[in-house]
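Enquirer: when you get a sec, could you give me coordinates for this:
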Amino acid sequence: MAVKKHAEQTLEYAELDRLCISTIRTLAIDAVERANSGHPGMPMGAAAMGYVLWTRFLRHNPSNPRWPGRDRFVLSAGHGSMLLYALLYLTGYDLPLDEIKRFRQLGSRTPGHPENWHTSGVETTTGPLGQGFANGVGMAMAAKHTASCFERDDFALFDWRVFGIVSDGDLMEGVASEAASLAGHLGLGNIIYLYDDNHVTIDGGTELAFSEDVGKRFEAYGWHTEAVADGNNIGAIHQALTRACAERGRPSLIRVRTHIGYGSPHRQDSSEAHGKALGKEEVKLTKGNYDWPLEPEFYVPERALAEFRRCVERGNKLEADWRARFARYAQSYPDLARRYEAALSGKLPQDWDAALPEFSAGEVMATRQSGSKAMAMVSQRVKNLFGGAADLNESTLTKIKDGGEFARDNFSGRNVHFGVREHAMCAALNGVALFGGLIPFGASFLIFTDYCRPSLRLAAMMRLHVIYVFTHDSIGLGEDGPTHQPVEHLASLRAIPGMTVIRPADANEAVEAWRVAISHRSGPVLLALTRQGLPTIDRTSAAPASELARGAYVLSETAGRKSDVILLASGSELHLVLAAKDDLERQGAAVRVVSMPSFELFEAQPESYRQSVLPKDITRRLAVEAGSPQCWHQWVGTYGDIIGMTGYGASAPYKDLMKHFNFTTEHVVARALKLLNS
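Expert: Numbers count the residues shown, from 1 in each chain. Just a heads-up that it's a prediction; the model follows:
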């Protein structure tokens, strides 16, 4: 349907508004056409609501994208990235038109889906549908908690809102459903999402697989809902946003009926407009419907650009006003202001780790228990540690004592009850980290990393400071059986670039793992902890647990001789190789035992250190871990051996399982002797 005809049937918008909206649309068309790759239809259909939101509601400053007082915007429908890039360029962010012209090209700042480390003004990396939706929920949680901790009197410094544009695909994804349920339960009234209801997905019309009443579903979640019948009716969009902003006790979803590929004679309302360029002839016809010149490409009318660039002046004024109020706030509440600024900068309190516990040799304790004791001491001093478990506090032991419950009537609480929603938990943690000022953590069983892997991967991709506490780390959890016993998970998690996995072997290594987790700033840290008790290692004549920070270290070795064999292990299996060392020495072998709690920390060490731990000339190496052996080959080399799990576990007491699957001192000794005799 032609634009003019459609406008006559609905509410005609003003000439300048039409010009601005058409500029967004044509930039998207030209960028996708030049790249011959991308998704033009969504930006064409959603341009009007993006325009209204960014120029009239979103509090942002293009001159300073990191201004702390800004609202957050999430394009959960990340395939429509050209909508966001057009808005960033037009409103004055550091994204030149030349970068729009380089859409989806190597090294450009306009990648296929928004990446927050590439492009100024992009708040989060989106693409996998539903992730941005859940990130926004985490941002809103962080905003509510921060405001409850720092807002005083009537300064109104911390009244952030989280806006987003979500798609049919987002609302089909399970992670968004989990997050929506949580947001409604918590009453996060600072969330306002525009739902781009265009009735089209890749395979065709949404009626193929999606027929629910989305509005009623979200009302059942506890959301405020609005409906706009025409996505070009900017007056109706404005009114709906105004009502949503006034709603303080519930998150808001505004369903806006749009038309994918709006204005394209042969592609509008078709999946053909979703994921490929329109083609030269269709571009001509579409621009004709917009009354738009065919040349030059990437045409931006001066009147439209001037209107968009008013956001720069508006943003500067918003920030100047906010900073003036913050200056007055700092005079009235200097301690609070210092705490807020320190948290925002990521600075840890002085001596934050001074009171970490130290455990005596022989003390038997699961690493989930010793880790819990370390976390308890950390949380007393690091007040911006914030998070919770996916309905498993009783098992993961991660509740912050005296931290309070984060709830709709107590946003100051530090303990979040995520419910049985592992994926939403991890995606929301990403949003908390992205918001800034808090150190988020989440806890569950290691087996359930399967449910949240996309969120873990994105945390690593964005190098977010998120801490995961995953317990019940092996077949050692016992009677719950193979459905709950992680086997391939450690290898799978170690395969994620940027993810630091730490599997401590005893109570003191668990303490050191928490020290690393709090101070590590270049990506997420995952602690894999035991359910079963482990004896605390006697380090009288062995290396201290603080060596864990290096990822791997020589714990013990035969004195006075070059080692014949190196025994490597992580976690609970380190105790097996220590016992095996004694047996092997009695049989005349010289043995080095290497504790290897973190491959990633070890790989970050200088080559000289790594060689000192695993010398090239000691080729007989045996690794022991109650998980998939796949990831150990790089450390044992061609002539080494691995004792691991090549199948699933079973249901039985953990000691019986360890014996059944050959995780015994006797088996370690036998395999080591086989290496020595080879």
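Enquirer: show me where pLDDT drops low in the protein?
Expert: Low-confidence segments of the chain, defined by pLDDT under 70: 1-13.
Enquirer: just the element for L336, please.
Expert: Using DSSP states H and E, L336 sits in helix 334-345.
Enquirer: what's that helix packed up against?
Expert: The contact analysis (3 or more Cβ pairs under 8 Å, 6 or more residues apart in numbering; DSSP states H and E) places helix 334-345 against helix 131-150, helix 302-332. Where C-beta positions appear, they are placed from N, C-alpha and C, glycine not excepted.
Enquirer: include distance to A650 and mean neighbour count when you put these into a markdown table, please.
Expert: As requested, the helices and strands packed on helix 334-345 are exported to a markdown table (distance: least, Cβ to Cβ, whole Å; neighbours: other Cβ atoms under 10 Å):
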| stretch | distance to A650 | mean neighbour count |
| --- | --- | --- |
| helix 131-150 | 35 | 27 |
| helix 302-332 | 59 | 15 |
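Enquirer: select, out of those, the one closest to S271.
Expert: Closest approach to S271 among the helices and strands packed on helix 334-345 (Cβ to Cβ): helix 131-150, 21.6 Å.
Enquirer: the next helix or strand after the closest one pairs with which strands, and in what direction?
Expert: The helix or strand immediately downstream of helix 131-150 is strand 162-167, counting by DSSP H and E. Note on strand 162-167: by DSSP bridges, its sheet partners are strand 72-75 (parallel), strand 191-197 (parallel).
Enquirer: hang on, M141 packs against H417?
Expert: No. In this structure M141 lies outside contact range of H417 using Cβ atoms under 8 Å: 11.6 Å.
Enquirer: rewinding a little: for the strands paired with strand 162-167, which one sits closest to V565?
Expert: When these are compared (using Cβ to Cβ), the closest one is strand 72-75, at 53.3 Å.
Enquirer: wait, isn't Y329 in contact with F155?
Expert: Yes. The criterion here is Cβ under 8 Å, and Y329 meets it with F155 at 4.8 Å.
Enquirer: now do the strands in the stretch 351-500 of the chain.
Expert: With DSSP state E, counting those that start in this stretch, the ranges of strands along the stretch 351-500 of the chain come out as 364-365, 385-389, 405-406, 415-417, 439-445, 467-471, 500-502.
Enquirer: picking up where we left off before, any chance of the strands paired with strand 162-167 in a markdown table, with distance to R217 too?
Expert: Listed next are the strands paired with strand 162-167 as a markdown table, based on distance: least, Cβ to Cβ, whole Å:
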| stretch | distance to R217 |
| --- | --- |
| strand 72-75 | 20 |
| strand 191-197 | 11 |
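Enquirer: wait, which of those is closest to Y648?
Expert: Per Cβ to Cβ, nearest to Y648 of these: strand 72-75, 38.8 Å.
Enquirer: and the contacts of that closest one?
Expert: Outside strand 72-75, the residues that touch it by Cβ atoms under 8 Å, 6 or more residues apart in numbering are 53-54, 58, 60, 81, 83-84, 114, 123-124, 126, 132-133, 135-136, 139, 143, 160-165, 435.
Enquirer: counting neighbours, what do you get for the closest residue to N135 other than its chain neighbours?
Expert: Nearest residue to N135, sequence neighbours excluded (Cβ to Cβ, 6 or more residues apart in numbering): G431, at 3.9 Å. The number of residues packed near G431 is 30, by other Cβ atoms under 10 Å.
Enquirer: one more: V669?
Expert: 23.
Enquirer: thought D582 was touching it, still the case?
Expert: No. V669 lies out of contact with D582 (Cβ under 8 Å); the separation is 9.5 Å.
Enquirer: hang on, the earlier thing: now tabulate the strands paired with strand 162-167 in JSON lines and tack on mean neighbour count and distance to F359.
Expert: As requested, the strands paired with strand 162-167 are arranged in JSON lines below (neighbours: other Cβ atoms under 10 Å; distance: least, Cβ to Cβ, whole Å):
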{"stretch": "strand 72-75", "mean neighbour count": "27", "distance to F359": "42"}
{"stretch": "strand 191-197", "mean neighbour count": "28", "distance to F359": "43"}
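Enquirer: closest to R309 out of those strands?
Expert: Nearest to R309, of the strands paired with strand 162-167 and by Cβ to Cβ, is strand 72-75 at 17.8 Å.
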